[in-house]
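Participant: sequence and computational prediction follow.
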Amino acid sequence: MKKTMLTAGFAALLLVAAGCEGKDAQSSTPAEKQPAQETKEKEAGTAAPSADTKGGLPNMTPILTLTKDTATLYKNETGSIEYVGSTENQNAANYSVALRATGDVAKADMEPLQFDLITDKGVSIDVRYSDLASVRVIKGKKYFVYNTEEEIGDSHIVRIDGSIAGDDLDRSDDSDYAKGKFSVDIKPSKKTWELAGTKFPMTLHTMINDTRKNELGTVKILSIESEDTNSNSYVVNGTVTLKKDLGEKDKVWFTALQPDIPFTADGWVEPDEGDNFFRNVETSFTRSVDMNVPFGANQVEDLYFSVLGETFAYNVRTGKEVKNPDISRMPFALDTGAEAKDQIFAGSGIEGILDTAKKRKYNVTEIYNYTWLTPNEIGHVVMPYATGGYKTLTFNIGTDQDSSANGQPYEVVVYGSDFQDMEDSGAKGTVLWKQTITKNTPFQPVKLDVSKQANVTIFADTKVRDNGYSFVSDLPFLSLAVSDVILTK
C-alpha cells in the first residue's frame, strides 16, 4: 500500500512493475459459461456428446438428458439457485448434475457453493466447485453443470444438503457456513429434459484491426487466434508505438476479462522481437490468455482487455465490437500511474452485498483493507480503470451496510488520466466528479464523460496514517464499494 509518485503524461500510464507477474501470468476464477438452447421433454435417455454440427460448428460440450426434477436451494429478492436434474446412467463414465441460476443471482460467483447429493441407496455424493464442467445460458438463465467421479447407477437423488458459504471449518451456529446452510428433499421424476450442447469453432482466427491513439502512443489490435479452442488458450496479436522510450523497469500492462465465466488475467506485454518498446518504433506483441475453460457460443463469446490505457471488447468469433462492456470485474489498470489497492470482489458471492438502503448489488469491487499500514504508509483508496476508446463511464458508488459504525466521512474524487497521488498532500489532477461519502451513503449512480480520458481513478484519502488498531472492527474508516462499472461508446 505504499505510494508511488509519478508525473503526468507518459509516466502516468506506465507501471513500475517490480514484483508483478510476467507476460503469461494470470489470476483466474475457473468457471466455464457456455450457452444452450431451450429444452424439451423426452421419455427417457442418457447423456452423450452430440455429433451435430449444424451451422458448421461442432458441439464443444455434450447434450445432456437430465431428470426433470426441480428444487430451490437458495432464493432472495433478486433471483434464485435451483437444482434442475441429473443424468441417471449406470454405464456413464461421469455423473452430471445441473443447477439453474436466475435473475441477478446469475451474476454471482458460484465458487463458495458446495453440496452433497443423498441417494435412495443411502449414498452421499460430494460436489464442489472443482467439479464444475460447464456453464450454459438459456434465455438469460445460467445452467451450471457439475461432473462427478461417482456413478449413480440405478439409484435416485432424494435430498441435497449444502451451504452457499463454502465448506468452512467453522460450522458453529453463528458462522457464515451455518447461516448459508440448506437441506431440501427431492421427489424423483420419471420425466426427462434435454440440455443442448454448446457450439464453437475448433480453431479461431478473427481479424480485428482496431487502432487507438492517446498521449502515450498508438496501440493496434490485429487479431485474436487459437490453434485449438479445446486447449482454452487464446492469443491477442497487436502492435505498440510509444511516444517515449520505455524504461527498463516500466511495463506496458495487460488486463483481461471474460465477463460471463467470469475469468480474469493480468500481466504485461513484451516485444515479439527486440529488447524493449522504443520511441516511434512500431513493435509487435503476442499476448496469450490461458483460460481455465473454453469460450462457448452466442452469449459468451466476449473477451475484454486493456493495453496502454485503452479498453478493447470484442466477440472473439465474429470480431464484432462490444459497445457497452461491463468491466466491473476487470483487474485494475495498473498502467494508469496509480498504485491500486487490493481489489476485492466483495459483492460477487451468492448473496452479493446490501448497501445502507438494503438494496442488493452484485459485481462489487470493495476497498477496505488498511490493517497492514505502517507509520510510513497512507490509507488512500486508489481504484484505476482504463477508459480509452469509450465516451461514457457509469458506475454505482457507496458503502455497504456492514461498514464500521466508527467510520468517518471522506471525500471521494474521480480524477482523469493526469492523476497523481501526492502522498501526504492527497492527490491532484483533472477532477471529473467528487462527493462526500458517509457510513449512511447508499449506492448512487455516477455518469462521466471520459471521451478525453485514457483512464480514470477513483480516489479517497481516509486520513489513516498507521494501523494502531487491534482488530478490523476497530478501524475508523469506511469500506468504499463500486458496482456496475460500464463503458459506452
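Facilitator: Arrived safely. Numbers count the residues shown, from 1 in each chain.

Participant: and the helices in the stretch 51-200 of the chain?
Facilitator: Applying DSSP state H, counting those that start in this stretch to the stretch 51-200 of the chain gives helices spanning 176-179.

Participant: what about the strands in it?
Facilitator: Listed in chain order, the strands of the stretch 51-200 of the chain (DSSP state E, counting those that start in this stretch) span 59-61, 64-67, 71-76, 79-86, 95-103, 114-119, 124-127, 132-138, 141-148, 157-163, 181-185, 192-195, 198-199.

Participant: same check, this time on the stretch 201-350 of the chain
Facilitator: Applying DSSP E, counting those that start in this stretch to the stretch 201-350 of the chain gives strands spanning 204-213, 217-226, 233-242, 250-258, 263-269, 283-290, 302-307, 310-315.

Participant: quick one: low-confidence ranges for the chain?
Facilitator: Counting by pLDDT under 70, the chain contains low-confidence ranges at 1-56, 89-93, 166-178, 297-299, 334-348, 367-378, 403-406, 464-477.

Participant: now with 50, please.
Facilitator: Segments of the chain classed as low confidence (criterion: pLDDT under 50) are 1-54, 169-170, 371-372, 470-473.

Participant: thinking again about what came up before, distance to residue 383 and mean neighbour count added to the strands of the stretch 201-350 of the chain, as TSV?
Facilitator: C-beta: built from backbone N, CA, C; applies to glycine. As requested, those are exported to TSV (distance: least, C-beta to C-beta, whole Å; neighbours: other C-beta atoms under 10 Å):
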stretch	distance to residue 383	mean neighbour count
strand 204-213	22	15
strand 217-226	23	20
strand 233-242	25	20
strand 250-258	13	25
strand 263-269	15	23
strand 283-290	23	18
strand 302-307	14	24
strand 310-315	15	23
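
Participant: turn these into a markdown table, including distance to residue 442.
Facilitator: Supplementary listing: the strands of the stretch 201-350 of the chain in a markdown table, determined by distance: least, C-beta to C-beta, whole Å:
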| stretch | distance to residue 442 |
| --- | --- |
| strand 204-213 | 36 |
| strand 217-226 | 38 |
| strand 233-242 | 39 |
| strand 250-258 | 27 |
| strand 263-269 | 27 |
| strand 283-290 | 36 |
| strand 302-307 | 28 |
| strand 310-315 | 28 |
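
Participant: looking at the strands of the stretch 51-200 of the chain, which is buried most?
Facilitator: Mean neighbour count, computed with mean count of other C-beta atoms under 10 Å, is highest for strand 198-199 among the strands of the stretch 51-200 of the chain, reaching a mean of 26.

Participant: quick one, what contacts the closest residue to residue 290 other than its chain neighbours?
Facilitator: Distances taken as C-beta to C-beta, 6 or more residues apart in numbering place residue 233 nearest to residue 290, at 5.0 Å, with adjacent residues excluded. With contacts defined as C-beta atoms under 8 Å, 6 or more residues apart in numbering, residue 233 is in contact with 226, 288, 289, 290, 291.

Participant: with respect to residue 98, which of these is nearest?
Facilitator: Nearest to residue 98 among these is residue 291, at 21.9 Å by C-beta to C-beta.

Participant: quick one: that closest one and residue 207, what's the gap?
Facilitator: 21 Å (C-beta to C-beta, to the nearest Å).
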